[in-house]
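take a look and give me a structure for this.
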Amino acid sequence: MTSIAFIGLGNMGLPMCHNLIKSGYSVRGFDVSPKACDQAKAYGARVYDAVSEAVKKADVIISMLPSGAIVKDVYLGDDGVLNHARAGVLCIDSSTIAVADARHVSTKAHDAGFMMIDAPVSGGVPGAEAGTLAFMVGGSEPAFEAAKPVLEPMAANIIHAGGNGSGQAAKLCNNMLLAVSMIGTAEAFNLGQALGLDPQVFFDIASNSTGQCWSLNNYCPVPGPVLSSPANRDYQGGFANALMLKDLKLAKGCAEDNSMHTPLGALAANIYDQAVDAGMGHLDFSSIIRYLQAKHQQ
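Numbering: from 1, shown residues only. Alright, predicted model coming up:
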């Protein structure tokens, strides 16, 4: 039985770990949260007190971590993967981090004799729970092929984006586009209501016209038209504003590093930054419509 070390058992990592266990994999888990570790144990994982212990006998290592600094520590630190895992093990980092950080860690891993891919995901907690995540993979073709059987229990789509760092590049560009489209969708609904349009009527028109997009058709930011959208749960759950802001800042940093002009991406980052500062960081990113409404009333 293939043994997988799963480092990072948070909101995304825990259900991903659960799906691996349900598919027959043996999982060796680690997280700094005792509560997360207890839940992983309940799912059937063996939990360890240190990264070094979790990875020691693993055949594959997966990480889902909140920042590039933590990813670098987990892989490159004294207690980390490269110092304690078996030689040649496949490493899969599904965190969302800067492209430069992903490439730095993968280069160190390759130099130490490991295969490594960056494989950030789209689909949020619901996708992690359902095993329907989209993985955007950066790495060599052999590493990608080796990773596919491990990713499949957690995925609906697995796409090879290119060399190391390309998965992160695809994720950041996608989420910049998503944020811009959600702000535009929210502004259109707010203006429509100000002009006397019923939100359902506007949805029926725009979702079948040239204004249609995923933010409108699948994740409508007003309650009613799309029953599965967080707008019908008071914007609870889903993909938090704070996480969207994190990705927008990473995208903005990549644009600056590469002298690229992304004015709408920068503006989206500024708007989500204001929403988080206003205490909305925990709400789903479609709640930006509520922030824009509040700004209008000021």
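
mind jotting down where the helices sit in this structure?
Per DSSP state H, the chain carries helices over the ranges 13-22, 34-43, 51-55, 68-76, 81-84, 99-111, 124-130, 141-151, 166-194, 199-206, 214-217, 241-257, 263-275, 288-297.

and the spatially closest residue to Asp101 that is not a sequence neighbour, what pLDDT?
Leaving aside its chain neighbours, Asp101 sits nearest to Gly68 (3.6 Å; criterion: Cβ to Cβ, 6 or more residues apart in numbering). C-betas here are computed from N, CA, C, even on glycine. Per-residue confidence (pLDDT) for Gly68: 95.

in contact with Gly68, which residues?
Applying Cβ atoms under 8 Å, 6 or more residues apart in numbering to Gly68 gives the contacts 95, 97-98, 101-102.

farthest-separated two in these?
The most widely separated members of the contacts of Gly68 are Ser95 and Ala98, with 10.3 Å between them, by Cβ to Cβ.

so for these two, which residue has more residues nearby?
When neighbours are counted by other Cβ atoms under 10 Å, Ser95 and Ala98 differ, and Ser95 comes out ahead with 26 against 20.

so where's the stretch 151-298 of the chain shaky on pLDDT?
In the prediction, the stretch 151-298 of the chain carries residues with pLDDT under 70 at positions 298.

and this protein, what are its domain boundaries?
3-162, 169-297 (automatic domain parsing).

return the distance of the shortest one from the chain's centre.
The offset between the C-alpha centroid of domain 169-297 and the centroid of the whole chain comes to 16 Å, using Cα atoms, centre = their mean, to the nearest Å.

now, of the domains of the chain, which is deepest in the fold?
Neighbour counts averaged per stretch over the domains of the chain are highest for domain 3-162, at a mean of 20; criterion: mean count of other Cβ atoms under 10 Å.

that one: how far from the chain's middle?
For domain 3-162, the distance to the chain centre is 13 Å (Cα atoms, centre = their mean).

straight-line length of it, end to end?
Here the two ends of domain 3-162 are set 27 Å apart, with distance taken as Cα to Cα, to the nearest Å.

nearest spatial neighbour of Cys254, skipping sequence neighbours?
With Cβ to Cβ, 6+ apart as the measure, Val99 is the residue that lies nearest to Cys254, at 5.7 Å, once sequence neighbours are left out.

let me see the contact set for that neighbour.
If a contact means Cβ under 8 Å, 6+ apart, then Val99 has 165, 168-169, 172, 254 as its contacts.

and what of Asp257?
Applying Cβ under 8 Å, 6+ apart, we find Asp257 in contact with Ala100.

what do you get for the one 5 residues further on?
Thr262 makes contacts with 176, 251-252, 255, as judged by Cβ under 8 Å, 6+ apart.

if I look at Val201, how far off is Asp73?
Separation of Val201 from Asp73 (Cβ to Cβ, to the nearest Å): 52 Å.

may I ask you to confirm that Val60 is in contact with Ile7?
No: here Val60 does not reach Ile7: they are 11.4 Å apart, not a contact under Cβ atoms under 8 Å.

do you know how far the closest residue to Ser67 other than its chain neighbours is from Lys246?
By the measure of Cβ to Cβ, 6+ apart, the closest residue to Ser67 outside its immediate chain neighbours is Ile97, 6.7 Å from it. According to Cβ to Cβ, Ile97 stands 10 Å off from Lys246.

what residue of this protein is the furthest out?
Relative to the centre of the chain, the most outlying C-alpha is that of Gly196, 37.2 Å out, by Cα atoms, centre = their mean.

how close does it get to Phe202?
Separation of Gly196 from Phe202 (Cβ to Cβ) stands at 10 Å.

how about Cys91?
Relative to Phe202, Cys91 is positioned 47 Å away (criterion: Cβ to Cβ).

swap in Val150?
Between Val150 and Phe202 the computed distance is 44 Å (Cβ to Cβ).

equivalent analysis for Leu264, please.
Here Leu264 is placed at a distance of 22 Å from Phe202 (Cβ to Cβ).

now do the contacts for the closest residue to Gly163 other than its chain neighbours.
Spatial nearest neighbour of Gly163, chain neighbours left out: Gly138 (6.1 Å); criterion: Cβ to Cβ, 6+ apart. With Cβ under 8 Å, 6+ apart as the criterion, the residues that contact Gly138 are 102, 106, 117-119, 161-170.

ok, now Ser287?
So, once contact is read as Cβ under 8 Å, 6+ apart, Ser287 ends up touching 221, 230-231, 235, 241, 275, 280.

ok, now with 10 Å
182, 186, 221, 230-231, 234-236, 238, 240-241, 275, 280 (Cβ atoms under 10 Å, 6 or more residues apart in numbering).
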